[in-house]
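**Q** predicted model follows, preceded by the sequence.
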Amino acid sequence: MDGSQLSPWTSRLALHGFDRRALDYSMLGATVARHMQLGPGQLRASIERLRFNTLAMRVTDFSAAVRATVEPPKDIVTLGFVLRADEPFLIAGRHFGVDMMSVFGPGQATEVRYPAGSRSVTLAMPSAVFARELTSTPVCDALDSADANPQVQASGADVVRLRDIISAMEALAARDPGLWLDGRWTANAERALIEVFFRPLGDPALVTTGSSDRLRTARTIVREVEARLDADPMAIPSMPALCAALRISRRTLERAFHDLLGVSPAQHLRVRSLNAVREALMRCPPEPGIVTRIAIDHGFWHLGRFSLSYRTLFGERPIDTVRRTV
């Protein structure tokens with residue numbers, strides 16, 4: 001992991017290998033997040049954060065697929081924009097392609113799947129700023145009704161303006177980070193960001209709102225499963241036991257995970273366990289047999305297959321993870 005502070009208001013994080021805590025702490029302000037690597041290979045990540053007077057911007061590059069459970073504070077609204085993606089982002093079970101925007105409401109817990117090779121930007125602001133700039137639009141109506149992440153398809157000149165201002169801010173942060181210490185300059189920069197980011201939001205023709213009952217049910221089921229796993233991380237339930245505890249059929253459970261996360265429950269549990277093993281290995285002393293002990297504690301019984309699955313997902317052997325953190 002490599003991090004650099006360009007000024008008190010700008011910072012850049014570079015990761016060579018997945019590190020959940022570093023990614024969790026890279027969120028804007030008091031936003032709570034939990035990250036998990038989904039895609040194969042050693043993760044290369046670059047995250048740049050730029051703070052202004054009331055706004056904060058985060059530009060994220062991921063070489064491998066990553067999932068994040070994101071929950072902003074109850075007084076913060078966040079706008080997201082997809083800059084690059086070979087396949088769509090999956091946000092609350094809805095697909096977001098290149099040049100699409102999403103709106104994360106105050107305190108709204110959301111599942112986000114970043115595809116491999118993706119680049120995106122988020123702009124966070126107080127709810128009062130959002131309400132001041134945007135009133136009586138489909139986006140506002142969707143947030144008022146707790147609808148999940150309205151979709152906005154930016155196009156034409158709006159896309160050019162968005163990409164230009166993001167590139168300009170990144171270039172200025174690298175070339176002249178001292179600008180962020182000038183209150184007048186940051187106020188001007190905020191005004192420019194608001195004008196560009198809010199322009200597509202005000203056009204009803206570009207906005208798609210409304211989640212299906214099926215997606216709302218999927219969110220409820222997946223969150224209940226996650227809550228049970230969080231309550232006892234070492235206990236990996238079987239699919240029949242999980243269905244019995246939730247009082248749902250296997251088919252309903254499978255459909256909920258595919259709809260919301262794009263994977264089966266079994267795949268999700270396996271990847272979740274591998275991520276938990278990695279986090280434990282990164283925090284443990286290099287003792288003999290430690291890899292075996294931690295793998296068994298997290299539900300794995302075939303240690304050869306565990307090692308292969310771990311290396312496929314993270315691009316290194318479990319013992320390499322232990323050694324690289326010494």
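**A** That came in fine, so what should we check first?
**Q** how near is the residue nearest to Ile194 when sequence neighbours are not counted to Gly29?
**A** Distance criterion CB to CB, 6 or more residues apart in numbering; nearest residue to Ile194, sequence neighbours excluded, is Glu133 at 5.8 Å. In short, each C-beta sits where N, CA and C put it, glycine included. Here the criterion is CB to CB, to the nearest Å. By it, Glu133 lies 18 Å from Gly29.
**Q** repeat for Thr321
**A** 30 Å.
**Q** same check on Leu260?
**A** Leu260 is 26 Å from Gly29, by CB to CB.
**Q** hang on, the earlier thing: ok, Thr321 and Gly29, which is more surrounded?
**A** Legend: neighbour count by other CB atoms under 10 Å for Thr321 and Gly29, higher for Thr321 (21 against 16).
**Q** mind listing what's buried in the helix or strand hosting that one?
**A** Using DSSP states H and E, Thr321 sits within helix 318-324. Buried residues in helix 318-324, counted by 16 or more other CB atoms under 10 Å: 318, 320-322.
**Q** re the thing from before, just the pLDDT at the residue nearest to Ile194, thanks.
**A** The model reports Glu133 with a pLDDT of 88.
**Q** quick check: it vs Phe198, distance?
**A** For Glu133 relative to Phe198 (CB to CB), the value is 5 Å.
**Q** how about Val277?
**A** Look at Val277 and Phe198: by CB to CB, they are 43 Å apart.
**Q** same thing with Ser102?
**A** According to CB to CB, Ser102 and Phe198 sit 14 Å apart.
**Q** looking at these two, which is more packed in?
**A** Per other CB under 10 Å, whichever of Ser102 and Phe198 has more neighbours is Ser102, with 23 against 16.
**Q** quickly list what the more buried one is bridged to.
**A** Gly80, Gln151 (DSSP bridges).
**Q** contact partners for it?
**A** Shown in contact with Ser102 (CB atoms under 8 Å, 6 or more residues apart in numbering): 79-80, 89, 91, 96, 149-152.
**Q** lowest pLDDT pick from those?
**A** On pLDDT alone, Asn149 ranks lowest of the contacts of Ser102, at 74.
**Q** is it true that that residue touches Phe89?
**A** No. Taking contacts as CB atoms under 8 Å, Asn149 lies outside contact range of Phe89: 10.3 Å.
**Q** these two - which one has more neighbours?
**A** Legend: neighbour count by other CB under 10 Å for Asn149 and Phe89, higher for Asn149 (24 against 20).
**Q** hang on, the more buried one in a helix?
**A** No. In this structure, Asn149 is coil, not part of a helix, as judged by DSSP: H, G, I helix; E, B strand; the rest coil.
**Q** what residues are up against it?
**A** Counting by CB under 8 Å, 6+ apart, the residues that Asn149 touches are 91-92, 94, 102-104, 108, 110.
**Q** do Ser264 as well
**A** The contact partners of Ser264, by CB under 8 Å, 6+ apart, come to 254, 257-258.
**Q** pLDDT wise, what is it at?
**A** pLDDT for Ser264: 93.
**Q** and for Cys140?
**A** pLDDT, Cys140: 64.
**Q** can you give me the strands in the stretch 51-200 of the chain?
**A** Secondary structure of the stretch 51-200 of the chain (DSSP state E, counting those that start in this stretch): strands located at 56-62, 66-71, 76-84, 89-91, 94-96, 100-104, 110-114, 118-126, 151-153.
**Q** now Gln42: how far from Tyr114?
**A** Distance from Gln42 to Tyr114, counting by CB to CB: 16 Å.
**Q** of these two, which one has the most company?
**A** Taking other CB under 10 Å, Gln42 and Tyr114 do not tie; Tyr114 has more neighbours (25 against 17).
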